[in-house]
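Asks: fold the following and give me the result.
(4 chains)
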Protein chains: 2
Amino acid sequence: MLVAVDCVIFGFDAGGLQVLLIRRGVAPMKGMWALPGGFVLPRESVDEGARRELLEETGVERVFMEQVGTFGDVERDPRGRVVSVAYAALVRLEDHAVRAATDAAHAAWFDVEDPPTLAFDHAAILAAAREHLAMKARRRPIGFDLLPLRFTLSQLQGVYECVHGREIDKRNFRKKVLALGVLEELEAWQEDVPHRAARLYRFDRPAYDRLAKSGVNFEV
Amino acid sequence: MLVAVDCVIFGFDAGGLQVLLIRRGVAPMKGMWALPGGFVLPRESVDEGARRELLEETGVERVFMEQVGTFGDVERDPRGRVVSVAYAALVRLEDHAVRAATDAAHAAWFDVEDPPTLAFDHAAILAAAREHLAMKARRRPIGFDLLPLRFTLSQLQGVYECVHGREIDKRNFRKKVLALGVLEELEAWQEDVPHRAARLYRFDRPAYDRLAKSGVNFEV
DNA sequence: ACAAAAGTGTTGAACGTACACCCATGC
DNA sequence: GCATGGGTGTACGTTCAACACTTTTGT
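Replies: Numbering: from 1, shown residues only, chains lettered A, B, ... in the order given. Model (predicted):
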């Protein structure tokens, strides 16, 4: 029995929530889009395998990945009996210019609302990862892992709207998120936008860590 | 590489939250207490393997198990490279008179607050399952899977106090749980108790299913 | 009579939600 | 000057937390 890992890497840009996929360079399902991943080696933990495969196939490293679940149907892989452990992570799109490597002919970002047909049971894994992300967003301030270091409140609101799939009132959102006290207001504004420039904010991690310890929830 | 399953089965009685363990009948760690579980067979899914092992080792069947996580450290099992998928379930203690079977010399319930030393990394799996249970309790009405068909509000409150590890105000608890409208008030009372007899209630599943669809949360 | 748990309401504070208009900028 | 998104406050209703005493039953 083989143990594999598959990584669902989420990014965010103006077009909404994105997911990182690779085009398979080897059989089976050569040429199809799939989640980055591969087999766990005998001398590495499953967690280590996930990090290694992600780096080899996409060049993405140093991200915090969480387990989403394990997919163990008998027929899920035509190569034989393969049980796959799925991981999810959030990255800043700008920080991760992806590159093709090893058995991944290409790596590219896709809108999660409109992904290509995926190999194996990766569509189910992607769906589970989105559900996991929506749950996680209730407990942690996910926006800060997805956005640039300096961001506007509208960008942050966009993250939550994408993740939860509903619109949020602008005034109420600002009130809640500012009241948390984990945003640092910068003396800096957007540039080169065809409308009034928005103020930029930065995530105050020490303040967040203090809050998280006391068990606050980040539902918005 | 071998794939195993381990099952964390929670029950509830007057002594608090309980967990079902087996005494290992074979090496390695023969004689130690462990979570029921074993290896997944080539022709069954991981989910099926968990149900089969639980039945074989403890006689418990027809329970709804959820994945807790997958444990994949290289050194977690002295027999070699074993990746284990952990499952958790809630059962009514009274419905499951456990029995020893196959390679489990004994099966018995233990207080989750004070379990024996466990084999392999099962202490870590148990801790993860408890965390999973506390999270699950925020979204679903877990009490009803753990209690007898007819129960008192104090018993239900006891479940939540155990799971969340804190005391709850009796009046506020009753207000909230009754307001949910998923309890059916019975014309029946406790018997043979050395104090005023408490009214019995029953879980109204159709009402709950209607609520759950509309996305209510069950935090108490 | 006493021990033990059942049962019952109110109040004040905090929070969530709904809602509309003016502002700055680039074209 | 117009289109685009930025930025701001209030009022109402709901929910939550804190809190103490009387009732019933068995011994």
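Asks: in this structure A:Y87 contacts A:F10, no?
Replies: No: the pair A:Y87 / A:F10 is not scored as a contact, 11.4 Å apart, by C-beta atoms under 8 Å. The way it works is simple: take the backbone N, C-alpha and C, and place the C-beta from them, glycine included.
Asks: between those two, point out the one with more neighbours.
Replies: A:Y87 (29 against 25; other C-beta atoms under 10 Å in any protein chain shown).
Asks: number of nearby residues for A:R51?
Replies: Counted with other C-beta under 10 Å, A:R51 comes out at 20.
Asks: quick one: residues contacting it.
Replies: Shown in contact with A:R51 (C-beta atoms under 8 Å, 6 or more residues apart in numbering or on different chains): A:E61, A:M65.
Asks: now it: how far from A:T117?
Replies: Going from A:R51 to A:T117 by C-beta to C-beta, to the nearest Å gives 27 Å.
Asks: now A:E219
Replies: For A:E219, the distance to A:T117 - C-beta to C-beta - is 34 Å.
Asks: of the two, which one has the most company?
Replies: A:E219 (11 against 8).
Asks: three-state assignment of that one?
Replies: coil (DSSP: H, G, I helix; E, B strand; the rest coil).
Asks: quick check: closest non-adjacent residue to it.
Replies: A:R138 (5.0 Å; C-beta to C-beta, 6 or more residues apart in numbering or on different chains).
Asks: what about the one you found, neighbour count?
Replies: A:R138: 16 neighbours (other C-beta under 10 Å).
Asks: what of A:V193?
Replies: A:V193: 10 neighbours (other C-beta under 10 Å).
Asks: which SS class is it?
Replies: From three-state DSSP, the assignment for A:V193 is coil.
Asks: please report how far it lies from A:T152.
Replies: A:V193 is 9 Å from A:T152, by C-beta to C-beta.
Asks: with A:D192 instead?
Replies: A:D192 is 13 Å from A:T152, by C-beta to C-beta.
Asks: between these two, who's got more neighbours?
Replies: A:T152 (18 against 5).
Asks: list the contacts of the more buried one.
Replies: Contacts of A:T152 by C-beta under 8 Å, 6+ apart are A:Q190, A:A198, A:R199, A:L200, A:Y201.
Asks: tell me the SS of A:G49?
Replies: helix.
Asks: so how far is DNA strand C from it?
Replies: 40 Å (C-beta to the nearest atom of the strand, to the nearest Å).
Asks: kindly report the same for A:L146.
Replies: 22 Å.
Asks: with A:M29 instead?
Replies: Distance from A:M29 to DNA strand C, by C-beta to the nearest atom of the strand: 44 Å.
Asks: so what's that residue closest to, chain neighbours aside?
Replies: A:A119 (4.0 Å).
Asks: was I right about the one you found contacting A:G31?
Replies: No: using C-beta under 8 Å, A:A119 is not in contact with A:G31; the gap is 9.4 Å.
Asks: what do those two both touch?
Replies: Joint contacts of A:A119 and A:G31 (C-beta under 8 Å, 6+ apart) are A:R24.
Asks: show me chain A divided up by domain.
Replies: What automatic domain parsing lists as the domains of chain A is A:2-138, A:153-214.
Asks: so the spatially closest residue to A:T58 that is not a sequence neighbour is in which element?
Replies: Spatial nearest neighbour of A:T58, excluding adjacent residues (C-beta to C-beta, 6+ apart): A:A107 at 4.5 Å. Per DSSP states H and E: A:A107 is located in strand A:104-111.
Asks: need the contact partners of that strand.
Replies: So strand A:104-111 is contacted by A:11, A:15-25, A:31, A:33, A:36, A:56-59, A:93, A:98-101, A:116 (C-beta under 8 Å, 6+ apart).
Asks: buried subset of the residues you listed?
Replies: A:11, A:17-24, A:33, A:36, A:56-58, A:93, A:98, A:100-101 (16 or more other C-beta atoms under 10 Å in any protein chain shown).
Asks: of those residues, which belong to strands?
Replies: Those of the buried ones among the contacts of strand A:104-111 mapping onto strands are A:G11, A:L17, A:Q18, A:V19, A:L20, A:L21, A:I22, A:R23, A:R24, A:W33, per DSSP state E.
Asks: DNA strand C contacts on chain A?
Replies: Neighbours of DNA strand C within chain A, by C-beta under 7 Å from any atom of the strand: A:169-172, A:175-176, A:192-197, A:219.
Asks: could you rerun that using 10 Å?
Replies: Within reach of DNA strand C by C-beta under 10 Å from any atom of the strand, chain A has these residues: A:167-176, A:179, A:189-198, A:216-217, A:219-220.
Asks: near DNA strand D, which of the residues you listed show up?
Replies: Among the residues of chain A next to DNA strand C, DNA strand D is touched by A:169-175, A:189-190, A:193-198 when using C-beta under 10 Å from any atom of the strand.
Asks: so which of these are in helices?
Replies: Assigned to helices by DSSP state H, the following of these qualify: A:K170, A:R171, A:N172, A:F173, A:R174, A:K175.
Asks: any chance of the residues you listed in CSV, with neighbour count and pLDDT too?
Replies: Shown next, in CSV, are those (neighbours: other C-beta atoms under 10 Å in any protein chain shown; pLDDT from 0 to 100):
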residue, neighbour count, pLDDT
A:K170, 11, 97
A:R171, 8, 97
A:N172, 10, 96
A:F173, 18, 96
A:R174, 16, 97
A:K175, 10, 96
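Asks: for the residue nearest to A:E219, give me the pLDDT.
Replies: A:R138 is assigned 83 on the pLDDT scale.
Asks: for it, what are its contacts?
Replies: Per C-beta under 8 Å, 6+ apart, neighbours of A:R138: A:N217, A:F218, A:E219.
Asks: do the same with A:G80
Replies: Contacts of A:G80 (C-beta under 8 Å, 6+ apart): A:L2.
Asks: what number of residues lie near the residue of chain A found nearest DNA strand D?
Replies: Closest contact between chain A and DNA strand D, by C-beta to the nearest atom of the strand, is at A:H195 (2.6 Å). Counted with other C-beta under 10 Å, the neighbours of A:H195 add up to 6.
Asks: how many residues are close by A:V8?
Replies: Count around A:V8 with other C-beta under 10 Å applied: 27.
Asks: return the distance of it relative to A:E94.
Replies: In terms of C-beta to C-beta, A:V8 sits 19 Å off from A:E94.
Asks: can the lowest-mean-pLDDT helix or strand in chain A be said to contact DNA strand D?
Replies: Sorted by mean pLDDT, DSSP states H and E, the helices and strands of chain A end with strand A:104-111, the least confident at a mean of 80. No: if you take C-beta under 10 Å from any atom of the strand as the test, strand A:104-111 misses DNA strand D, and the best it gets is 17.7 Å.
Asks: what angle separates that strand from strand A:16-24?
Replies: 160 degrees (axes from the mean of the first three to the mean of the last three C-alpha atoms, to 10 degrees).
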